[in-house]
Structures are given as C-alpha cells and as structure tokens.
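A.B. asks: Quick one: sequence plus predicted model below, questions after.
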Amino acid sequence: MIKKIAILCSIFLNLCIVRWEPVAIRMTWEAVGSQTFTFYTENSNVFAFFVCLLVAVCQVICLFTGRQLPRWVKMLKFVATCCLTMTFLTVVFVLGPYCADQGGVVFLLTESSMLYHHLLNPLCAFVSFVLLEREPKLPARCVPLALVPTMLYGSVALWANYQRLITGPYPFLLVYQQTPRQTVLWCAAILAMNLLYAWLVWRLGGNCRKKRNVGLLFRS
C-alpha cells in the first residue's frame, strides 16, 4: 500500500512539471524570444519536461504491474534532477548575490517563468527523485554522467560567446570581459559544484549500498 502511495505521489509531482513547463517556457519566449534557448535554465527544464513525462508514464505501468522503474529511466531522471538542482543552487548562491541590486534571490525565484524554472520544477524533481523514486538503485559510476549536459551547454555557450554570436547570458560566460584564467576557474568551479550536487542527489536518493555486516559465520 505504501509503495502504491509513493508511486501515485511520484506521478503527481512529475505531472506537475509536465503541466507547468509549457506555461513557463511560453513566458520566457514572450520575454526574450529566440534567446530563450541560450539559457541553461530553459534547456534543463525542457529536458526535465520530457524526462518527467516518461517517468510518469512508466510509473503508471509500474502501478499496475508491480515492477520497478527501468534503470535507464531512473538514470535519465537522476540527470534531469541534477540539472535542475544545479539551476536552483546556482541562482541561490551565485546569481542571486550577483544581482542583489535587481531583487536578488527573491526576484529570481518568484518572478514570471523563474517561479517555475528556478523554484517549483527543481523542488518537484528533487522531492520525487529523493523520496519517491528510490528503486532501482543507481551505481556510483552514474554520478559523473550528470555533468554531461552542463559540459555540453558550457562548450557551446563559450564557443558562441567567443565567436560573438551571443553575449552571456550568464556573467561567467562573458569571455571578452574577463581573463582566460578567470574563464577556466569559473568552468572548473561550476563543474566541481555540479559534481558535488550530483553526488548529494545520488546519496540522498538512497543509492549508496549498505555495508555488509562483517562477523563470525555460524554453521548450523
């Protein structure tokens, strides 16, 4: 019974993201137009939209069959959750203080589409993954895979800034307004934070195997 309740709650939270994302992405498009997909936030939330839709469908099947989520589906949810966690924590610890004179963290978490992209979607993804989608277990070697979307985005965004195709959209991508050393340090710091967040999400999701008890073997 408890397992079925957990599955139902998981379906609900994943469908919340599926419902909210079209609303949020439309708000962003109306505000910045074709620049929408230059933002890590929008790309990670669109990715999460498709993953959460897949998870919700699979959870409905699990509800009737009693099976677990396919491991590859949970792996996708893990990566999507890490991307949204990265978005949320970057807003709180980096962009919020940087934009303190424009409203800071409160503005970035509550205004327009940012309410969904920076706050609600990340919270729903984190809670559903950590508390409700604990099976099957993911091995520790999956943790570095959570960096792949960030590395892909960063590579494309840095190249586009270097070619002067776009400007920003984040201060640490402004390659012509900082030294190469600063750019490298920013990249290293962001990837290190991403790896730390991924490990925490993986650990909190109950994926760390329990150590076997070591002791005397008794024969009957």
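C.D. replies: Looks like it came in fine.

A.B. asks: Give me the buried positions along the lowest-mean-pLDDT helix or strand in the chain.
C.D. replies: Within the chain, no helix or strand scores below helix 96-98, which has a mean of 81 by mean pLDDT, DSSP states H and E. Judged by neighbour count using 16 or more other C-beta atoms under 10 Å, the buried positions of helix 96-98 are Gly96. Placement of C-beta: from N, CA and C, glycine included.

A.B. asks: what does stretch 43-51 give?
C.D. replies: Asn43, Ser44, Asn45, Val46, Phe47, Ala48, Phe49, Val51.

A.B. asks: got it, and stretch 97-106?
C.D. replies: Buried, per 16+ other C-beta under 10 Å, within stretch 97-106: Gly104, Val105.

A.B. asks: now it, how far from the centre of its chain.
C.D. replies: How far stretch 97-106 lies from its chain's middle: 22 Å, per C-alpha atoms, centre = their mean, to the nearest Å.

A.B. asks: List the contacts of it.
C.D. replies: For stretch 97-106, contacts defined as C-beta atoms under 8 Å, 6 or more residues apart in numbering pick out Val91, Val92, Gly96, Phe107, Leu108, Glu111, Pro171.

A.B. asks: first vs last residue of it, how far apart are they?
C.D. replies: Terminal residues of stretch 97-106 lie 11 Å apart, using C-alpha to C-alpha, to the nearest Å.

A.B. asks: so how far is Ala100 from Trp186?
C.D. replies: Going from Trp186 to Ala100 by C-beta to C-beta, to the nearest Å gives 19 Å.

A.B. asks: Same check on Asn161?
C.D. replies: Computed as C-beta to C-beta, the Asn161 to Ala100 distance reads 24 Å.

A.B. asks: Trp159: neighbour count?
C.D. replies: For Trp159, the tally of surrounding residues (other C-beta atoms under 10 Å) stands at 12.

A.B. asks: In whichever strand or helix holds it, which of the residues would be classed as buried?
C.D. replies: Using DSSP states H and E, Trp159 falls within helix 148-162. For helix 148-162, burial by neighbour count (16+ other C-beta under 10 Å) applies to Pro149, Thr150, Tyr153, Gly154, Ala157, Leu158, Ala160, Asn161.

A.B. asks: quick one: the last one and Gly168 touch, right?
C.D. replies: Looking back up the chat, that one is Asn161. Yes. Contact criterion C-beta atoms under 8 Å: Asn161 and Gly168 qualify, at 7.3 Å.
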